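S.K.: Take a look and give me a structure for this.
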Amino acid sequence: MEYYSNIINSNGAGLVLMMFFLEVAVMCSKGSSSSSSMMIIVSKDGSGDYKSVGEAISNAPDYSKQPYNIHILGGIYEEYILIPPSKTNIKLLGHGSTHTIILGRQNGSTIDIRGNGFMAQNIGFVNSAGLDASAAVAVRNEATNSIFFQCSIQGFQDTLWAVSGRQFYKNCEIYGTVDFIYGNAAAVFQDCMIYARYRQFVTFTAQSRESPNEKTGFTFQRCKFSMSPEDENKKSEVVRATLGRPWRAYSTVAILQCYIDSMVDPGGWEQMPGQPIADKVTYVEYKNVGPGSNTDGRVNWPGVRVLGNPNEALPFTASYLLDAHSWIPSTGVPYDSGL
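M.R.: Residues are numbered from 1 along each chain as shown. This is a model prediction of the structure:
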């Protein structure tokens with residue numbers, strides 16, 4: 001992980017703290033962070049309240065009704081973080097996704113979020129275990145009304161496990177190889193970069209809706225599906241990439257107004273080995289562009305559809321899927337409720 005070691009600011013603690021407080025003031029003036037009188041600082045050099053993110057979370061109040069802001073100064077924090085159900089409304093504010101990095105190197109989750117109302121902004125979450133680990137999860141999230149804003153989520157297989165609850169991802173970068181955005185949350189991704197790392201076989205999603213009665217699914221709106229910048233020159237070596245495969249029978253994914261790059265197979269979607277025949281899935285595309293967006297060769301499954309009418313796409317928007325108007329505005333994070 002030499003790359004991460006090279007991007008950390010080496011200035012003195014006093015200057016870093018001063019610059020960070022200025023950044024926080026700017027964010028607050030723009031309305032990007034909710035009010036909380038308490039300002040907790042995490043700094044590796046001991047100049048803040050805590051040296052580790054985990055320690056700051058352990059000492060946060062239980063069942064807080066207001067955002068509990070934890071400001072994490074630049075650095076690589078090599079730790080495994082659990083946010084239990086009792087730690088509600090935790091808000092992690094970083095110094096930029098390439099400067100504040102929470103790093104794991106083994107099986108399991110770098111961060112495991114179970115407390116509702118969680119939010120992360122300007123932080124990189126990384127699991128560097130690679131393809132040798134069966135589930136090297138960078139983020140495991142089962143918190144309802146949770147937000148990742150301007151974050152980077154990096155792994156290989158099973159990068160982001162969106163387990164359950166209402167989840168919103170805005171202006172994020174997500175890296176992986178196989179089934180790297182998976183789970184059964186109601187999750188909307190707006191203006192995100194969905195990056196495939198080099199591998200001869202890539203699947204972007206593995207959504208796991210189990211019942212037609214569940215209000216869950218993944219929606220990608222104005223996102224970009226492409227090769228990661230460091231692997232761009234290997235794009236032609238990828239044998240096949242697909243937008244997803246069903247982890248459970250009623251798997252639901254909507255790709256709306258996105259850019260789809262050339263390494264995506266004309267079939268678009270594929271069967272998951274060991275799972276039921278994909279005759280109950282809902283995989284829809286609406287007004288996508290790019291060399292991989294041609295839908296003429298898509299798999300011939302009943303639930304694979306190209307939407308032509310905007311009204312058909314409305315059930316997959318943040319307004320419907322997340323009830324966005326009821327909770328996102330109070331966070332100050334920008335979002336689009338519709339198309």
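S.K.: show me where pLDDT drops low in the stretch 151-300 of the chain?
M.R.: 238-239 (pLDDT under 70).
S.K.: change it to 50
M.R.: Applying pLDDT under 50 to the stretch 151-300 of the chain flags no residue at all.
S.K.: What are the boundaries of the strands in it?
M.R.: Ranges of strands within the stretch 151-300 of the chain are 152-154, 160-162, 166-170, 173-176, 178-183, 186-190, 193-196, 201-207, 217-221, 224-227, 240-242, 252-256, 259-260, 282-286, based on DSSP state E, counting those that start in this stretch.
S.K.: I'd like those strands as TSV, with distance to Ser337 appended.
M.R.: C-beta coordinates here come from the backbone N, C-alpha and C atoms, glycine included. Shown next, in TSV, are the strands of the stretch 151-300 of the chain (distance: least, CB to CB, whole Å):
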stretch	distance to Ser337
strand 152-154	24
strand 160-162	20
strand 166-170	11
strand 173-176	22
strand 178-183	22
strand 186-190	10
strand 193-196	21
strand 201-207	22
strand 217-221	11
strand 224-227	21
strand 240-242	29
strand 252-256	13
strand 259-260	22
strand 282-286	16
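S.K.: In TSV: those, plus mean neighbour count and distance to Ala60.
M.R.: Formatted as TSV, these follow (neighbours: other CB atoms under 10 Å; distance: least, CB to CB, whole Å):
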stretch	mean neighbour count	distance to Ala60
strand 152-154	26	22
strand 160-162	26	23
strand 166-170	25	21
strand 173-176	24	26
strand 178-183	25	25
strand 186-190	26	25
strand 193-196	23	31
strand 201-207	24	31
strand 217-221	26	30
strand 224-227	22	35
strand 240-242	20	40
strand 252-256	25	34
strand 259-260	22	39
strand 282-286	22	38
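S.K.: Distance from stretch 240-255 to the middle of the chain?
M.R.: 16 Å (CA atoms, centre = their mean, to the nearest Å).
S.K.: again, but for stretch 262-277
M.R.: Here stretch 262-277 is found 22 Å from its chain centre; the criterion is CA atoms, centre = their mean.
S.K.: and what of stretch 85-96?
M.R.: Distance, stretch centre to chain centre, for stretch 85-96: 15 Å (CA atoms, centre = their mean).
S.K.: Just the C-alpha atoms of it, please, in CSV.
M.R.: Output of stretch 85-96 as CSV, limited to C-alpha atoms (Å, rounded to 0.1, in the frame of the first residue of the first chain):
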residue,chain,number,x,y,z
PRO,A,85,-26.7,-0.5,16.7
SER,A,86,-26.5,1.6,19.9
LYS,A,87,-24.2,4.1,18.2
THR,A,88,-26.8,6.0,16.1
ASN,A,89,-26.2,9.2,14.0
ILE,A,90,-22.4,8.8,13.9
LYS,A,91,-20.9,11.2,11.3
LEU,A,92,-17.3,10.7,10.1
LEU,A,93,-15.8,13.7,8.4
GLY,A,94,-12.4,13.2,6.7
HIS,A,95,-9.8,15.3,5.1
GLY,A,96,-10.4,14.0,1.6
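S.K.: what mean pLDDT does that stretch have?
M.R.: The average pLDDT for stretch 85-96 rounds to 98.
S.K.: give me the low-pLDDT residue ranges for the stretch 1-150 of the chain?
M.R.: Applying pLDDT under 50 to the stretch 1-150 of the chain flags the ranges 1-37.
S.K.: can you give me the strands in it?
M.R.: With DSSP E, counting those that start in this stretch as the criterion, the stretch 1-150 of the chain has strands at 40-42, 68-72, 75-78, 81-83, 90-93, 100-104, 108-113, 119-121, 124-127, 136-141, 146-149.
S.K.: any chance of the ones you listed in a markdown table, plus mean neighbour count?
M.R.: Formatted as a markdown table, the strands of the stretch 1-150 of the chain follow (neighbours: other CB atoms under 10 Å):
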| stretch | mean neighbour count |
| --- | --- |
| strand 40-42 | 20 |
| strand 68-72 | 24 |
| strand 75-78 | 19 |
| strand 81-83 | 20 |
| strand 90-93 | 25 |
| strand 100-104 | 25 |
| strand 108-113 | 23 |
| strand 119-121 | 26 |
| strand 124-127 | 27 |
| strand 136-141 | 26 |
| strand 146-149 | 25 |
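S.K.: With distance to Glu55 added, can I get those in TSV?
M.R.: Conversion of the strands of the stretch 1-150 of the chain to TSV gives the following (distance: least, CB to CB, whole Å):
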stretch	distance to Glu55
strand 40-42	8
strand 68-72	10
strand 75-78	11
strand 81-83	10
strand 90-93	13
strand 100-104	13
strand 108-113	14
strand 119-121	17
strand 124-127	18
strand 136-141	20
strand 146-149	22
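S.K.: of those, which approaches Phe220 most closely?
M.R.: Closest approach to Phe220 among these (CB to CB): strand 146-149, 14.0 Å.
S.K.: Remind me what the closest one packs against, helices and strands.
M.R.: The contact analysis (3 or more CB pairs under 8 Å, 6 or more residues apart in numbering; DSSP states H and E) places strand 146-149 against strand 119-121, strand 166-170.
S.K.: before we move on, the earlier item: go through the strands of the stretch 1-150 of the chain and name the closest to Gly54.
M.R.: strand 81-83 (5.2 Å).
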